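Novice: Provided below for reference: sequence and predicted model.
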Amino acid sequence: MTTNRRQFSRINFQTEARLFVADGEYPVEVDDLSLKGALIRPEKPLTLHHGSPCSLIVRLDEMGTTIRMEASIAHHAEGVYGLACRGIDLDSVTHLRRLVELNLGDTELLERELSLLVREDALPG
């Protein structure tokens, strides 16, 4: 039996997005998002390796509102890739925070996760 060490809530958020990697840009389907990353499914098979840098752009509306996340490949299995967030701009984190808040329905839980995120980012590498 495996234990779930997840400290950040994932929200189901199925939408199309674009994944940018060293050799190009690819359409992907986002399965879920969290303050620490995303789970994606490329539309066609890709060869991405653990630790490879990438950027994920998730379009939220027709007005051009997006979440842009600098990430790395954390894991992959059966055509699904887990991305670990390595950087996110203020506008994107604001949009992502609002999505998480709306989906969690628990402001205290969101504040706890944001606290963890700030503490992790403040730790020396």
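Specialist: On my side now, so go ahead.
Novice: quick one: low-confidence parts of this protein?
Specialist: 1-12, 103-125 (pLDDT under 70).
Novice: could you pull out the strands for it?
Specialist: 11-21, 24-34, 37-42, 53-59, 66-77, 80-88 (DSSP state E).
Novice: what's the fourth one packed up against?
Specialist: Which is strand 53-59. strand 11-21, strand 24-34, strand 37-42, strand 66-77, strand 80-88 (3 or more CB pairs under 8 Å, 6 or more residues apart in numbering; DSSP states H and E). C-beta: built from backbone N, CA, C; applies to glycine.
Novice: how about the third one?
Specialist: Contact partners of strand 37-42 among helices and strands, from 3+ CB pairs under 8 Å, 6+ apart: strand 11-21, strand 24-34, strand 53-59, strand 66-77, strand 80-88.
Novice: need these in a markdown table with distance to residue 41, can you?
Specialist: Listed next are the helices and strands packed on strand 37-42 as a markdown table, based on distance: least, CB to CB, whole Å:
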| stretch | distance to residue 41 |
| --- | --- |
| strand 11-21 | 10 |
| strand 24-34 | 5 |
| strand 53-59 | 12 |
| strand 66-77 | 10 |
| strand 80-88 | 5 |
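Novice: indicate which one of those is closest to residue 102.
Specialist: Closest to residue 102 of those, according to CB to CB: strand 11-21, at 8.4 Å.
Novice: cheers, nothing more for now.
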